[in-house]
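Novice: Make a model of this:
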Amino acid sequence: PIGRLVQAVSAIRDTEDRTRLEQIPVGARDEIGTLSQRVNEMTAGLVSAAVAEKEMLVGRAIQKQFLPLEPGADGEKGSTGGIRTADIDLYAFYEGATKVSGDYFDWQKLDDQYYAVMKCDVSGHGVEAAFIMVEVATLFLRWCREWTVRLPAIRDAKERESARRDLLKLDQLVYTINDMIEERGFGGKFAAFMLCLYDVRTGIVTACSAGDNVLYHFDVASRSMVTREIKPEHPAVGQIS
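Specialist: Here you go, the predicted model:
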């Protein structure tokens, strides 16, 4: 019995994939049997934690599919991404928490004039925050699709320009996201984000904030980061109706 205990403890120490740990037989109800039972309880806890960690890693990989990151040689998305054209140079680095989270960012080319950029942080971590992140991403991408699919399909020039002016009202998208989170009733959950529209022809950035009231940008002339506070401060989406 003592030999089995020694082997079990050694296996716990040496097994890299702890989902493969096995229970050991429990013999007589004496001190050795009690110790064996305790080792089995510890093993069961380690197996459960290892399974949960594997599922969490899968969740993190799925979450990365929503982010504009470059895939590696294995096909899995890495930690960096970006685009470089004559009009714009974008670069991003992302390394999330050890668990799934509410971190989200994206950029989309809307047409030959505009790029949309979103940076979002849902409060907390875990599955609930990740669900909210997915809904925010879905609404953002649907809004972008209005630019890339619906606008070009409108034949009448005046009607197309009217629809374009509506899409330029960034606050309307922010209100929509706010209503979605608030109506779901996620207890105490909210999302702070910055939504920007970049005009490549003029270099003007239009920003709409919700709880994220600091805008950082790189100034080429001084080659330094510049911080701008957006006032008045606005609440994060989902906090109020």
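
Novice: Only the buried residues of stretch 100-119, if you could.
Specialist: Residues of stretch 100-119 classed as buried by neighbour count (16 or more other Cβ atoms under 10 Å): 100-110, 114-119. To be clear about C-beta, it is placed using only N, CA and C from the backbone, and glycine gets the same treatment.

Novice: Please state the mean pLDDT value computed over that stretch.
Specialist: Mean pLDDT, stretch 100-119: 90.

Novice: gap between the two ends of it?
Specialist: 17 Å (Cα to Cα, to the nearest Å).

Novice: Low-confidence ranges, the chain, go.
Specialist: Within the chain, the ranges that satisfy pLDDT under 70 run 1-60, 96-99.

Novice: Show me the strands in it, by range?
Specialist: Using DSSP state E, the strands found in the chain span residues 80-84, 89-93, 101-109, 114-125, 191-199, 205-210, 214-219, 224-229.

Novice: Minimum distance to W143: which of those has it?
Specialist: Closest approach to W143 among the strands of the chain is made by strand 114-125 (7.8 Å; Cβ to Cβ).

Novice: And the closest one, what does it pack against?
Specialist: The criterion is 3 or more Cβ pairs under 8 Å, 6 or more residues apart in numbering; DSSP states H and E, and the helices and strands that strand 114-125 contacts are strand 101-109, helix 127-145, strand 191-199.

Novice: In its sheet, which strands sit next to that strand, and in what direction?
Specialist: Taking DSSP bridges as the criterion, strand 114-125 sits next to strand 101-109 (antiparallel), strand 191-199 (antiparallel) in its sheet.

Novice: Output these in CSV; the columns should cover distance to G238.
Specialist: Output for the strands paired with strand 114-125, formatted as CSV (distance: least, Cβ to Cβ, whole Å):
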stretch, distance to G238
strand 101-109, 11
strand 191-199, 6
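
Novice: circling back to that earlier point, would you turn the helices and strands packed on strand 114-125 into JSON lines with distance to E76?
Specialist: Shown next, in JSON lines, are the helices and strands packed on strand 114-125 (distance: least, Cβ to Cβ, whole Å):
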{"stretch": "strand 101-109", "distance to E76": "17"}
{"stretch": "helix 127-145", "distance to E76": "18"}
{"stretch": "strand 191-199", "distance to E76": "26"}
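
Novice: Which of the ones you listed sits closest to M180?
Specialist: The closest of these to M180 is helix 127-145. By Cβ to Cβ, the value is 5.8 Å.

Novice: Just the buried positions in the closest one, please.
Specialist: 128-137, 139-140, 143-144.
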